[in-house]
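J.: Okay, structure incoming, though there's no sequence with it:
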C-alpha cells in the first residue's frame, strides 16, 4: 500500500511540475512502478490451487504443479513461529505451501512470507478438503 501511494504521489508531483520533468525521470518512475506492481501482483497471487490433475503451489517467484499420484499426504507442521500446510510427496520430499494457520487474520503471523492466512476452522476445513480430493484421486487411479 505504501509503495502504491508513493508512486501515486510521485506521478502527481511530476504532472504538477511537468515543465521541469525530463523524459529520463518519467521513464524511471514508470519503470519502477511497473516492477513494483508486478511484484505486488505476484505476491497477491500466491496460492494453493486444487484441480483434477493435482495441486499447484504458487509462490512469489515460482509455481510448481504436483500431480495427485506423487502426493502421499497433506501435513500441518510448525516452522519457526508459523504453522504451515505441507505436501508430503511419495519420494519423502516435503513441499511448503503458502497456506498458514493463524489465530487472527490481522497481524496473524510473526513471520509472514505472503500467502493465505486462515483461522483454525477454515484451515481445518481446507485440510479435510485436500485429503478428500487426494482420496478421490487415488480411488480414480485404482479404478483405471
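T.: Received, thanks. These figures come from a predicted structure and were not determined experimentally.

J.: who touches the spatially most central residue of the chain in this structure?
T.: Centroid check for the chain by CA atoms, centre = their mean gives residue 46 as the closest residue, at 1.7 Å. If you count contacts by CB atoms under 8 Å, 6 or more residues apart in numbering, residue 46 has them with 58, 59, 60, 98, 114, 115, 116. For every residue, glycine as well, the C-beta is placed using N, CA and C.

J.: those helices in this structure, which residues are they?
T.: Under the criterion DSSP state H, the chain carries helices at the ranges 2-16, 23-44, 120-143.

J.: So for residue 70, which of those helices sits nearest?
T.: Nearest to residue 70, of all the helices of the chain, is helix 120-143, at 10.6 Å by CB to CB.

J.: that older thread, what is the lowest-pLDDT residue among the contacts of residue 46?
T.: Ranked by pLDDT, those bottom out at residue 114, which has 63.

J.: Let me see the domain layout of this protein.
T.: Following automatic domain parsing, one finds the domains of the chain at 2-44, 47-143.

J.: Point out the most buried one among those.
T.: domain 47-143 (a mean of 14; mean count of other CB atoms under 10 Å).

J.: shaky segments in the chain?
T.: 1, 18, 21, 80-81, 104-114, 142-144 (pLDDT under 70).

J.: again, 80 this time
T.: Applying pLDDT under 80 to the chain flags the ranges 1-29, 39-46, 79-82, 103-115, 141-144.

J.: which residue lies farthest from the center of it?
T.: Distance-from-mean max, the chain, by CA atoms, centre = their mean: residue 19 at 42.2 Å.

J.: Now do it against residue 127, distance only.
T.: To residue 127, residue 19 is 60 Å away according to CB to CB, to the nearest Å.

J.: Now residue 77: closest residue in space, sequence neighbours ignored.
T.: Using CB to CB, 6 or more residues apart in numbering and skipping the chain neighbours, the partner closest in space to residue 77 is residue 86 (5.1 Å).
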